[in-house]
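Trainee: What follows is a predicted structure for the sequence shown.
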Amino acid sequence: MPGKIKAEKKPVGLVISVSGVRGIAGESLTVEVALRFAQAFGTYAEGGKIILARDPRKSGDFLKSACLAGLLSTGCEVIDLGVAATPTLALMTKELKARGGLAITGSHNPAQWNALKFFTPEGIYLNAQELQELVSIYNKEDFLHARWDEVKEVKQYRRANKRHISKVLKVVDKKAISKSSFRVALDSCNSAGAISALALLEELGTQACALYCEPTGILPHDPEPVAENLGDISRLVKDKGCDVGFALDADGDRVAIISEKGRPLGEEYTLALAAAHILRKRPGPVVMNMSSSRMTEEVARNLGARAFRAPVGELNVVERMKEVGAVIGGEGNGGVIYPRVHYARDGLVAIALILEYLAESGKAISELARRIPLYFILKTKMKCSTTEAGKIISFLKKKSEGETLDLSNGLRIDWKDEWAHIRASGTEPAIRIITEAKTKKRAYSLNTQIKNWARQVLASKP
């Protein structure tokens, strides 16, 4: 699980979890760290074919050079996609029958951050055991070393976006969407999903109103696709009279939706709306993580489908989806996973499914959103150590005896019309507290109550 994987020679501030190796570029995530992790990954992949891509952040240049050096030195053949969204790399890793994929991307994090994300031949993240093996190679520096005449070339591959878009177009009604002549606003945060998302909108016959869609890597706002960062695209939707707006995070795997009225729906609505659409067409199970809104769960129940939950993290959701044969899944942060394309959160998939829903329903996005059972979710965190987080969770477990509890990923408590999820963060010294209720006031009061109990634990003597 995230947080339990340790590197002996890890710079202070470097975060290692199943979602990758993350740090501030040039400080904790240095050239040396990137080089050694690339050597470790090349060794782990036994010198096989590796797909490489990055987002356009400025630090991506030196990190990519370090990764290329590390991979080539172990005898890997490298297929370079250039600047590409993380879902595109994940898909191409499987489609091109590679031994693995390596994405260099800061994702939703601020500009100073970057990360290395490692993928299996199936185009999914390494699991905890696989990542621990990679980290063990990194620690021991037991790398493969290709002889001078064994070094392979770097091959540029520039058809990745086209292949990705083609795969998405096969699972939606392109004609219905095109016939609707939607005007669509798009904010790609000047990052990896800009080119492919615009190309998809063109293929679907929409009129795109582009905002921050030049992949310069200069982030015009915080790339986290939450309401406080969506002011510009919200105004654009209203000013241009758009039917809908979409905002991507920096690596293109998460999408927020803006209504035709210029109002962000909230990141939880992306999966809920996609599930509402797909479950009407293809009945079957749906999977979401422990921290995702109950909206999607109730959508599934109302349509006669079973809903399952998995621990937080894309890989956990994917594994659960495969286990139960889910027709759709994802996370409440705007990530949609649709197995008919691939097992990865995918912004292009989310956009296409929502547009198909609009086209086939003939309804405005705000009206479709009103059909979703209404809940208010609040996500907060408190600074504390992993040990302190464990004590807080134990205390809350005792407080909640007799309630419906799930201990598979921290502590989740379910009541009739509300729930809370409390877990140690896998990326920082903090405990995350997510509460949801039928009213905003109750979601806040429940969150405050849990934080007050947590403060009691932190203030108590050992």
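Mentor: Yes, it's here.

Trainee: Need phi/psi at residue 147.
Mentor: phi -70, psi 170 (degrees, to the nearest 10).

Trainee: quick one: pLDDT of it?
Mentor: Reading off the confidence values, residue 147 has pLDDT 97.

Trainee: can you check residue 10 too?
Mentor: Residue 10 is given a pLDDT of 72.

Trainee: Run through the residues that contact it.
Mentor: residue 16 (C-beta atoms under 8 Å, 6 or more residues apart in numbering). C-betas here are computed from N, CA, C, even on glycine.

Trainee: Look up how far residue 125 lies from it.
Mentor: 19 Å (C-beta to C-beta, to the nearest Å).

Trainee: and the host helix or strand of residue 300, which residues are buried?
Mentor: Per DSSP states H and E: residue 300 is located in helix 294-302. For helix 294-302, a neighbour-count test (16 or more other C-beta atoms under 10 Å) marks 294, 295, 296, 297, 298, 299, 300 as buried.

Trainee: Now residue 284: closest residue in space, sequence neighbours ignored.
Mentor: residue 327 (3.5 Å; C-beta to C-beta, 6 or more residues apart in numbering).

Trainee: And residue 102, by the same measure?
Mentor: Leaving aside its sequence neighbours, residue 102 is closest to residue 52 (5.2 Å, by C-beta to C-beta, 6+ apart).

Trainee: The one you found belongs to a strand?
Mentor: Yes - counting by DSSP: H, G, I helix; E, B strand; the rest coil, residue 52 is located in a strand.

Trainee: Now for the residue nearest to residue 284: which residues touch it?
Mentor: 278, 279, 282, 283, 284, 285, 286, 339.

Trainee: So how do I select the buried members of the residues you listed in PyMOL?
Mentor: The PyMOL command for the buried members of the contacts of residue 327 (criterion: 16+ other C-beta under 10 Å) is given here:
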select buried, resi 278+279+285+286+339
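
Trainee: Reformat the contacts of residue 327 as JSON lines; add pLDDT and distance to residue 172.
Mentor: Compiled in JSON lines, those are given as follows (pLDDT from 0 to 100; distance: C-beta to C-beta, whole Å):
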{"residue": "278", "pLDDT": "99", "distance to residue 172": "10"}
{"residue": "279", "pLDDT": "98", "distance to residue 172": "15"}
{"residue": "282", "pLDDT": "95", "distance to residue 172": "12"}
{"residue": "283", "pLDDT": "95", "distance to residue 172": "18"}
{"residue": "284", "pLDDT": "98", "distance to residue 172": "18"}
{"residue": "285", "pLDDT": "99", "distance to residue 172": "21"}
{"residue": "286", "pLDDT": "99", "distance to residue 172": "18"}
{"residue": "339", "pLDDT": "98", "distance to residue 172": "15"}
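
Trainee: quick one: which of the contacts of residue 327 sit in strands?
Mentor: residue 286 (DSSP state E).

Trainee: low-scoring stretches of the stretch 101-250 of the chain, by residue?
Mentor: By pLDDT under 70, the stretch 101-250 of the chain has no low-scoring segment.

Trainee: which residues of it fall in helices?
Mentor: For the stretch 101-250 of the chain, the helices defined by DSSP state H, counting those that start in this stretch occupy 128-140, 160-169, 174-180, 194-203, 231-240.

Trainee: Ok, the stretch 301-450 of the chain next?
Mentor: 314-324, 347-361, 365-370, 386-399, 440-459.

Trainee: tell me the angle of the second one relative to helix 194-203?
Mentor: Angle between the axes of helix 347-361 and helix 194-203 is 20 degrees (criterion: axes from the mean of the first three to the mean of the last three C-alpha atoms, to 10 degrees).

Trainee: same thing with the first one?
Mentor: Computed by the same axes, to 10 degrees, the angle separating helix 314-324 from helix 194-203 equals 40 degrees.

Trainee: that older thread, for the residue nearest to residue 102, what are its contacts?
Mentor: 64, 67-68, 71, 78-81, 89, 101-104.

Trainee: Top of those by number of neighbours, please.
Mentor: Most neighbours among these, by other C-beta atoms under 10 Å: residue 101, with 32 neighbours.

Trainee: How is the protein divided into domains?
Mentor: Split into domains by automatic domain parsing, the chain comes to 15-160, 178-370, 376-459.

Trainee: Off-centre distance for the longest one?
Mentor: Looking back up the chat, that one is domain 178-370. Relative to its parent chain, domain 178-370 has a centroid offset of 11 Å by C-alpha atoms, centre = their mean, to the nearest Å.

Trainee: swap in stretch 398-412?
Mentor: 26 Å.

Trainee: So which bits of that stretch are buried?
Mentor: By neighbour count on 16+ other C-beta under 10 Å, the buried set for stretch 398-412 is 400, 409, 410, 411, 412.

Trainee: One more: stretch 198-207?
Mentor: Buried residues in stretch 198-207, defined by neighbour count with 16+ other C-beta under 10 Å: 198, 199, 200, 201, 203, 204, 205, 206.
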